[in-house]
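K.L.:
Here's my sequence, what's the structure:
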Amino acid sequence: MKMANNRVKSTNDLELKDRLVAINRVTKVTKGGRTFSFAAIVVVGNEDGIVGWGLGKAGEVTTAIAKGVEAAKKNLIKVPVHKGTIPHEQVAKFGGAEVLIRPASHGTGVKAGGAMRAVLESVGITDVLAKSKGSSNPHNLVKATIAALGELRSPFEVAQNRGVSVEKVFKG
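P.N.:
Numbering: from 1, shown residues only. The predicted model follows:
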């Protein structure tokens with residue numbers, strides 16, 4: 001699976017909103033008893049084609065979330081959003097999670113569950129059909145969804161590569 005070079009260089013001028021996808025309480029058993037800590041997976045996006053994910057681990061929930069947001073800001077990609085949906089169907093896999101995202105007509109809404117919904121809404125996609133197959137692990141679902149979005153190509157990019165107009169790309 002090749003990854004397109006669509007990384008975002010600077011985060012200074014972006015108005016990013018963060019969404020908490022999952023918090024996991026983990027336990028370390030020592031001679032003195034149990035030690036609890038938290039792992040938080042967070043998705044950030046500007047709801048205009050930029051999204052990233054991050055994982056934060058700490059002894060307190062708020063610190064874990066803050067670390068996750070900072071990690072996500074270092075991990076941003078640009079996604080082509082065309083009229084509120086994606087330009088074409090895409091399948092991606094990460095670990096045991098496989099995701100399928102398909103464009104939908106205006107008014108459909110975001111038909112996706114859990115971790116996928118957080119990623120798609122953070123990008124700014126308003127109409128999409130999404131299906132997760134295999135594992136429902138939020139970590140792998142987020143990574144597979146981001147991988148699928150990263151492989152999308154804009155209609156303008158496809159038209160330029162083919163040497164035709166954008167209208168011709170959509171007609172056939």
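K.L.:
contacts for stretch 68-75?
P.N.:
Stretch 68-75 is touched from outside by 11, 16, 18, 20, 40-44, 52-56, with contacts defined as CB atoms under 8 Å, 6 or more residues apart in numbering. C-beta here means a position set from N, CA and C on the backbone, and glycine is covered the same way.
K.L.:
Just the buried ones from those residues, in ChimeraX syntax?
P.N.:
Only the buried members of these end up in this ChimeraX selection, burial being decided by 16 or more other CB atoms under 10 Å:
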select :16,18,40,41,42,43,44,52,53,54,55,56
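K.L.:
what ranges do the helices span in this structure?
P.N.:
Under the criterion DSSP state H, the chain carries helices at the ranges 61-73, 114-123, 138-150, 155-162, 166-171.
K.L.:
Reformat the ones you listed as JSON lines; add distance to K31 and mean neighbour count.
P.N.:
Listed next are those as JSON lines, based on distance: least, CB to CB, whole Å; neighbours: other CB atoms under 10 Å:
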{"stretch": "helix 61-73", "distance to K31": "25", "mean neighbour count": "18"}
{"stretch": "helix 114-123", "distance to K31": "36", "mean neighbour count": "24"}
{"stretch": "helix 138-150", "distance to K31": "30", "mean neighbour count": "24"}
{"stretch": "helix 155-162", "distance to K31": "58", "mean neighbour count": "13"}
{"stretch": "helix 166-171", "distance to K31": "65", "mean neighbour count": "12"}
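K.L.:
on that earlier part again, pick out the lowest-pLDDT one from the contacts of stretch 68-75.
P.N.:
Of all the contacts of stretch 68-75, the model is least confident about T11, whose pLDDT is 62.
K.L.:
still on that earlier bit, now tabulate the helices of the chain in TSV and tack on distance to V91 and mean pLDDT.
P.N.:
What follows is the helices of the chain, written out as TSV (distance: least, CB to CB, whole Å; pLDDT from 0 to 100):
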stretch	distance to V91	mean pLDDT
helix 61-73	24	95
helix 114-123	13	92
helix 138-150	7	94
helix 155-162	18	80
helix 166-171	20	70
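K.L.:
looking at those helices, which is closest to P87?
P.N.:
Checking the helices of the chain against P87 by CB to CB gives helix 155-162 as the closest, at 5.2 Å.
K.L.:
Could you list the residues in contact with the closest one?
P.N.:
Contacts of helix 155-162 (CB under 8 Å, 6+ apart): 80, 82, 87, 165-166, 168-170.
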